[in-house]
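Quick one, what's the 3D model for this:
(2 chains)
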There are 2 protein chains.
Amino acid sequence: MTLVECIPNFSEGRRRSVIDALVGAVTAVPGVSLLDAHSDPDHNRSVLTLAGEPQPVLEAVYAAIARAAELIDLDGQRGQHPRIGAADVVPFVPLEGLMLQDCVGFANQLGERVGRELGIPVYLYEAAATRPARVNLAEVRRGEYEGLKTAIETDPERAPDYGPSHLGKAGAVAIGARLPLIAYNVYLNTDDVEIARKIAESIRFSGGGLAHVKALGLLVGGRAQVSMNLTDYTRTSLPRVMEMIRSEAARYGVAVQSAELVGLIPQAALIEAARWYLQLDGFEPNQILEDRLRSRLNSPPQV
Amino acid sequence: MTLVECIPNFSEGRRRSVIDALVGAVTAVPGVSLLDAHSDPDHNRSVLTLAGEPQPVLEAVYAAIARAAELIDLDGQRGQHPRIGAADVVPFVPLEGLMLQDCVGFANQLGERVGRELGIPVYLYEAAATRPARVNLAEVRRGEYEGLKTAIETDPERAPDYGPSHLGKAGAVAIGARLPLIAYNVYLNTDDVEIARKIAESIRFSGGGLAHVKALGLLVGGRAQVSMNLTDYTRTSLPRVMEMIRSEAARYGVAVQSAELVGLIPQAALIEAARWYLQLDGFEPNQILEDRLRSRLNSPPQV
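Numbering: from 1, shown residues only, chains lettered A, B, ... in the order given. Down below sits the predicted model:
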């Protein structure tokens, strides 16, 4: 079995009937599981999290993009969140039995179909990007729908990867591939947000820190918080991030009080943390009782 | 779904035909998975690890005990490992959706049937013990088959929980309930086995240390090793054991070089280690992506 995750973001977080139609388009496809659905009226945006075998997931996401193009008119859409299209951002994430490169393939497969059948311009981003400037989603979304309307027709740098160089009322869509994100926040035993900001600056890639860490210092509930996105936990692991924060915090005379994960985390990221801290150098994932059990229950008894 | 694990130990580790018959008795029952089978000729003993829903597992273990009673004659059996019966020890371990107390019930259910239908004396041990002296398996097995032969008929303290107060050639069987054992070994950066022995003494329950830790100091591959059985990881967690060893090792001027798990470990024990070290106070197991996914794949899509 192979499993892919897809997290399409739609520019509608207020009209229940539209949100229901998008969810309905996804759940109508057999073999697709809706793991999560979150709508934000201020952002005027809905985020669906689906998973399943690649082909049903591609079918479900295509159906939802088509439905969004029918029901959402960007000319009248307003919200706090930047957007370029009705279906705005569609990342594919490899789960069981898949590599990031497989998801680049899915992004291209979906992008080609959306461009050809729906006439919607498609930009490939992150691991699926066809040029360095498009790796960063913020760059793809520069000027938003309103700015892109002109730019797509006049600026060769903004030509889409698939579909026409022209925006309709459904706008454009960014389709990409990335590893699972981990949202990890660490609280310090201080209300001095400056310390959190300095730690964030020192641990993040853009400040000269760890390769796959984005970080901000915030004040949350009266405590200084280092708020992070870990963009590749296979290369920059949770323990390395945590130990670097501990060491930086000690340098300012404070300590880590607690931490939290926002949303979901791949099991492998937690197992790796246990392996590192417990110094289990020769550990094999098939030593996990439940994994062994599941693999045996899915195959005839072996003697 | 509920899942129980059962690890019956049989007093035959040499005759392939007998071992095959025991394995065959287990795998003939639909819904039972054989996770592991290990035979030791020196110990003259075979250990099977099965898992499945409780009723099929009870059926499979009963069938294997009956087969062992037919094929193994304790009067002629010799080996390094202490034993009281053909089927010698049968612990039940709770996995998914079960508590230790459920396994006490299974031990009684199986024990009653073995006593009544097979005429084999049954001693309940560990969490299933009916008196404090029988919690410890070594105490149940005192004198082995040869000693028990007389004691069971003469000493009221050795009367079985089920079945006759008389030993046939199949001997008696100890049936019990326990939590999953974790076999965790920690290597120090020294060849001084005395340090490992002192650390083992200080961390184990019998030395005044942690409640659910058994530990020995050994010399393995030229390095001092603290070899442990963790008998209840839900109450004495891996991180607490590891950090206590680190602290004791530092007191002797040495450090932990690496560690290993022997055999299987419940996923929850590793997740708890990650949670503790990463200080994830509010962590919920349903934040693990794969767990969320499995629960959704096993039920119709929810909107």
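
I'd assumed A:N229 was in a strand, is it?
Yes. The assignment for A:N229 by DSSP: H, G, I helix; E, B strand; the rest coil puts it in a strand.

which ones are touching the closest residue to it other than its chain neighbours?
Take A:N229 and drop its neighbours on the chain: the residue closest to it by CB to CB, 6 or more residues apart in numbering or on different chains is A:K214, 4.4 Å away. Bear in mind the C-beta positions are built from the backbone N, C-alpha and C, glycine included. Contact analysis of A:K214 by CB atoms under 8 Å, 6 or more residues apart in numbering or on different chains lists A:204-206, A:228-229, A:231.

What's the separation between A:K214 and A:G207?
Taken as CB to CB, to the nearest Å, the spacing of A:K214 relative to A:G207 amounts to 10 Å.

same check, this time on A:E260
Remark: distance between A:E260 and A:G207 (CB to CB) = 22 Å.

more crowded one of these two?
Higher neighbour count among A:E260 and A:G207: A:E260, with 19 against 14, using other CB atoms under 10 Å in any protein chain shown.

quick one: is stretch A:262-272 near chain B?
Yes. Part of stretch A:262-272 sits near chain B under the criterion CB under 8 Å from any CB of the partner chain, namely A:263-267, A:270-271.

Which of the residues you listed ranks first by neighbour count?
Highest neighbour count within the residues of stretch A:262-272 next to chain B, by other CB under 10 Å: A:L270, with 27 neighbours.

I'd say it and B:L289 touch.
No. Contact status for A:L270 versus B:L289: not in contact, 10.1 Å apart, counting by CB atoms under 8 Å.

Can you tell me what sits against stretch A:252-262?
Outside stretch A:252-262, the residues within contact range by CB under 8 Å, 6+ apart are A:182-190, A:192, A:195, A:198-199, A:223-224, A:242, A:245-246, A:249, B:278-283, B:287.

how about the CA coordinates for that stretch, as PDB?
These are the backbone C-alpha positions of stretch A:252-262, laid out as PDB (Å, rounded to 0.1, in the frame of the first residue of the first chain):
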ATOM      1  CA  TYR A 252      20.300  33.900  28.500                       C
ATOM      2  CA  GLY A 253      19.800  32.400  31.900                       C
ATOM      3  CA  VAL A 254      16.400  30.900  31.200                       C
ATOM      4  CA  ALA A 255      15.100  27.400  30.600                       C
ATOM      5  CA  VAL A 256      12.500  25.500  28.500                       C
ATOM      6  CA  GLN A 257       9.300  25.200  30.500                       C
ATOM      7  CA  SER A 258       7.200  23.100  28.100                       C
ATOM      8  CA  ALA A 259       6.500  22.600  24.400                       C
ATOM      9  CA  GLU A 260       3.700  21.700  22.100                       C
ATOM     10  CA  LEU A 261       3.000  20.200  18.700                       C
ATOM     11  CA  VAL A 262       0.300  22.000  16.600                       C
END
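
which parts of it are buried?
Judged by neighbour count using 16 or more other CB atoms under 10 Å in any protein chain shown, the buried positions of stretch A:252-262 are A:252, A:254, A:256-261.

And stretch A:129-140, by the same measure?
For stretch A:129-140, the buried set under the neighbour-count rule, 16+ other CB under 10 Å, comprises A:129, A:134-135, A:137, A:140.

end to end, how far does that stretch reach?
Across its full length, stretch A:129-140 reaches 10 Å between end residues, using CA to CA, to the nearest Å.

centre of the chain versus stretch A:5-22, how much separation?
Chain-centre distance of stretch A:5-22: 16 Å, with CA atoms, centre = their mean, to the nearest Å.

Just the buried residues of that stretch, please?
Applying a neighbour-count criterion of 16+ other CB under 10 Å, the buried positions in stretch A:5-22 are A:5-14, A:18-19, A:21-22.

re the thing from before, out of the residues of stretch A:262-272 next to chain B, who's nearest B:P54?
For these, the residue nearest B:P54 by CB to CB is A:Q267; the value is 26.2 Å.
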